[in-house]
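1. Pasting the sequence and the predicted model now:
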Amino acid sequence: MSSKIINWILTLCIVGIISIFSNWIGYNVMPLEALPGILALMGVALLGLVLRDIVPLNIPSIAYIGIIGLIITIPGVPGSSHIVEWTEQVDLLSLATPVVAYAGVSIGNSWADFAKLGWKTIVIGIVILLSTYIGSALVAEIVLKIQGLA
């Protein structure tokens, strides 16, 4: 268990460092301003990963992470205003950058397996990415129109 936790901490540290730099470069948020939010997000992620291994139910870690994040940001929960304030300094896309990079490195370790998937997988991946982007843009446009902001 301890080697898993060390591995998770190292991975979260790498993702955190990349996130801080991408947040700084892409969104002009100084690293020291984003650091508390990154650390809070890393702590929530680590706690969710640990809970997945401790709790005897077959629940994915993302569920624990989401529940923990929800609970600690509920207004009235001690410290929630600080966590919200800290995490507001971290842009979502700056978090996505290292995750996508990590996925790319993982795929890169097994090019033979990736090649076995064939060209159809690439086409399906492109269609899924485009569909997700267009769907998200449509939902955002509808919400903005409902709120009178677009």
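-> Thanks, I have the structure now.
2. Which of the three states applies to residue 90?
-> coil (DSSP: H, G, I helix; E, B strand; the rest coil).
3. and if you look at residue 56?
-> coil.
4. Count the residues that sit near it.
-> Close neighbours of residue 56, defined as other C-beta atoms under 10 Å, add up to 6. Yep, even glycine has a C-beta here, placed from its N, CA and C like the rest.
5. Look up phi and psi at it.
-> phi -80, psi 0 (degrees, to the nearest 10).
6. Over to residue 94?
-> According to degrees, to the nearest 10, residue 94 has phi -70, psi -20.
7. That one and residue 85: what is the separation?
-> In this view, residue 94 and residue 85 are 17 Å apart by C-beta to C-beta, to the nearest Å.
8. More neighbours: which of these two?
-> residue 94 (21 against 12).
9. so who does residue 40 touch?
-> 83, 86, 87 (C-beta atoms under 8 Å, 6 or more residues apart in numbering).
10. Residue 39 and residue 19 touch, don't they?
-> No. Checked against C-beta atoms under 8 Å, the pair residue 39 and residue 19 is beyond contact range at 10.8 Å.
11. List the buried residues in stretch 84-95.
-> By 16 or more other C-beta atoms under 10 Å, the buried positions in stretch 84-95 come out as 86, 87, 89, 90, 91, 94, 95.
12. Quick check: the second one vs residue 141, distance?
-> Relative to residue 141, residue 87 is positioned 26 Å away (criterion: C-beta to C-beta).
13. State the mean pLDDT of the helix or strand containing residue 142.
-> Residue 142 belongs to helix 119-146 when assigned by DSSP states H and E. For helix 119-146, mean pLDDT is 83.
14. Give the buried residues for it.
-> In helix 119-146, counting by 16+ other C-beta under 10 Å, buried: nothing.
15. Let's have the buried residues of stretch 84-95 in a markdown table, adding distance to residue 68 and pLDDT.
-> Shown next, in a markdown table, are the buried residues of stretch 84-95 (distance: C-beta to C-beta, whole Å; pLDDT from 0 to 100):
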| residue | distance to residue 68 | pLDDT |
| --- | --- | --- |
| 86 | 15 | 94 |
| 87 | 13 | 92 |
| 89 | 19 | 92 |
| 90 | 16 | 90 |
| 91 | 21 | 87 |
| 94 | 21 | 78 |
| 95 | 16 | 81 |
